[in-house]
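J.: Fold the stuff below for me.
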Amino acid sequence: MTAVVTSVLGVAVLLLVSAIAGVPPSRRYVTKSDFYTAARAVAPWWNASAVGAGFTSAAAFLGLAGLIAGHGAPLLWYPVGVVVGYVVLLTLVVAPLRRSGAYTLCDFARWRLGSAAAGRVVTGVVLLIGVVYLMAQIHAGGAVLNVLCGVPPWVGGCALAVVVAVVAIAGSTTNVQAVQFWVMLAVLGAGALALAVAWLTGLAAPPVADLPAAFASPYGPGEARGALGPAAGDLSPPGVLAVVLASALGTMGLPHVTVRFYANPDGWSARRTVVAVLGMLGLFYLLPPVYGVLGGLYAPGAPADRMMLLLPLRMLPGVPGEVLTGLLATGAFAAFLATSCGVVVTVGGTISSRVLGGGVGGLRVTVAGLLAVALALLRLVPHANSLALVLLGLTIAAATLCPLLVLGIWWRGLSTTGAVAGMLAGGGAVAVLAGLAACAPEAVGAAGRYPALVAVPVAFAVMLAVSAATPRRVPPGEAEMMARMHLPERLAHHLLDRSSRGTDHSPD
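T.: Next up is the predicted model:
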């Protein structure tokens, strides 16, 4: 009961602070594009907090801590891949993408390829990635409520979806996500410190297993290793490589991450934001190993998504453990809310602008629809692992939007036909392999377990080959486009009018 009360109070404070932070400073916004990009007046460190909140999700944190408890240090390859992804994003994408003047990935495709059809394909990919990411967050949030209150995970997921819908459309998502990131980091950091001190000083209960014995399967009854799980928990070299490849290349294709860099006033500030994100992610990913090691000692065999919340009472029975459980639930809720809000606003804004003509009413309808679709699909795969769903979303992004961004920014020979064919080939390969791996894993073997190792090279190869075979489908004016993306911003601004500024529907 104490854990429930603590978590309710913590969540209430979090929602109150988020509501205050989310009030948009309307006097700062002169035009619609100013509103959608926070008037490009967000400081690098504050914008980095919002970016970090979009990536340090509850699904990734809970799942990673649980998998480390079961498999040990090799699972740290996942955060390594994330850090590599942000370095790649900083090096290859951030500044050129800003200079293009296209505020969303869909707008970039339409501008760079001169094709509305290409924009529609990217819109579909963005929708798919968003739904998969929401499935991961709702699954993790349902697991938290299941541990705290005993309600079925799908009931908890429905309740949390309502909260996300209300918070996401209530105000400034940049401020909301930034505040939630620091709340999450403070709460989870304090919990890790308290548990580590209790273990080191002997205040905790005796461990139920020694460390080597704890490195067994983290999956409890009913949880399947291969359920929509591209290499999650696989410590073989191909499994590690698949995780690193998906997280490194998929990062740049996450729509709710890339869109944040338009809130900076210039390219230099955007690059500083990426550097700040790297530091913040470094702090955040120091925590899962602490929970993972302690979980291996005190909660061996616990389900991966629930291990961290079961840990405090295993170590500190009674009121101290219940209070810590409530605090950790608050931190997990902050992580869930921050990522989910970023995803639904970014993806919802993109879809509503293309289908419903934009506007607040269209955004509300789209946000509700996204959450409903994610809930419905999650009912079809109730035993999926949260981290595996995150990796699936990253794999889709790596096999579709990553090749589009890299080749669209750095190769003037990219044709409209080649770009569309490459995205369809990469996304189709992921869908087929992941589906077969879930239904008939013996039929696809290693390719189904490691879809990133197959789909990403296929996407790049098809995009290059088809573009080379269709030079007449290279959009006119590619030289001016390349100059605008690669010249310093003050010079590129004079080459072409930023015609795409009026089409932005990204979050503020």
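J.: spatially speaking, which residue is in the middle of the protein?
T.: Closest to where the C-alpha atoms of the chain average out (Cα atoms, centre = their mean) is Phe55, at 4.4 Å.
J.: which SSE is Leu203 in?
T.: Using DSSP states H and E, Leu203 maps to neither a helix nor a strand.
J.: And Thr56, what's its pLDDT?
T.: In this model, Thr56 is scored at 77, pLDDT.
J.: let me redo that: Tyr36
T.: Looking at Tyr36, the pLDDT reads 46.
J.: what's the closest non-adjacent residue to the residue nearest to the centre of the chain?
T.: What sits nearest to Phe55 in space, not counting adjacent residues and going by Cβ to Cβ, 6 or more residues apart in numbering, is Val257, at 6.2 Å. Where you see a C-beta, it was placed from the backbone N, CA and C, and this is true even at glycine.
J.: for Asp305, same thing?
T.: Asp305 sits nearest to Ala143 (Cβ to Cβ, 6+ apart), 4.2 Å away.
J.: residue contacts, the one you found?
T.: 62, 153, 156, 303, 305-306, 309, 386 (Cβ atoms under 8 Å, 6 or more residues apart in numbering).
J.: helix or strand for the residue nearest to Phe55, which one?
T.: Per DSSP H and E: helix 255-258 holds Val257.
J.: do the same with Ala447
T.: helix 446-449.
J.: buried stuff in the helix or strand that that helix is followed by?
T.: Counting by DSSP H and E, the next helix or strand C-terminal to helix 446-449 is helix 451-469. The neighbour-count check on helix 451-469 (16 or more other Cβ atoms under 10 Å) flags 451-456, 458-460, 462-464, 466-467 as buried.
J.: same deal with stretch 113-133?
T.: So for stretch 113-133, counting by 16+ other Cβ under 10 Å, buried means 113-115, 118-119, 121-133.
J.: next one: it to chain centre, how far?
T.: 16 Å (Cα atoms, centre = their mean, to the nearest Å).
J.: and if you look at stretch 52-66?
T.: Counting by Cα atoms, centre = their mean, stretch 52-66 comes out at 9 Å from the chain centroid.
J.: What of stretch 192-200?
T.: 29 Å.
J.: Other residues contacting it?
T.: 203-204, 287, 290-291, 294, 297, 311-312, 315-316, 324.
J.: TSV please, covering these and showing distance to Leu375, neighbour count and pLDDT.
T.: Listed next are the contacts of stretch 192-200 as TSV, based on distance: Cβ to Cβ, whole Å; neighbours: other Cβ atoms under 10 Å; pLDDT from 0 to 100:
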residue	distance to Leu375	neighbour count	pLDDT
Leu203	41	13	89
Ala204	38	22	89
Leu287	29	22	90
Val290	32	19	92
Tyr291	28	27	93
Leu294	32	27	92
Leu297	35	22	89
Leu311	28	27	93
Pro312	29	27	93
Met315	34	24	93
Leu316	35	22	92
Leu324	30	23	92
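J.: so the residue nearest to Asp305, which of the three states?
T.: helix (DSSP: H, G, I helix; E, B strand; the rest coil).
J.: From Val93, how far out is it?
T.: 33 Å (Cβ to Cβ, to the nearest Å).
J.: Could you list the buried residues of whichever strand or helix holds Val367?
T.: For Val367, the element it lies in under DSSP H and E is helix 359-380. Within helix 359-380, the residues that qualify as buried are 362-371, 374-375, 378, counting by 16+ other Cβ under 10 Å.
J.: packing partners for the helix or strand encompassing Val88?
T.: Using DSSP H and E, Val88 falls within helix 77-88. Contact here means 3 or more Cβ pairs under 8 Å, 6 or more residues apart in numbering; DSSP states H and E; on that basis helix 77-88 packs against helix 58-71, helix 237-250, helix 267-284.
J.: got any ranges where the stretch 151-300 of the chain has weak pLDDT?
T.: 170-173, 209-235, 262-267 (pLDDT under 70).
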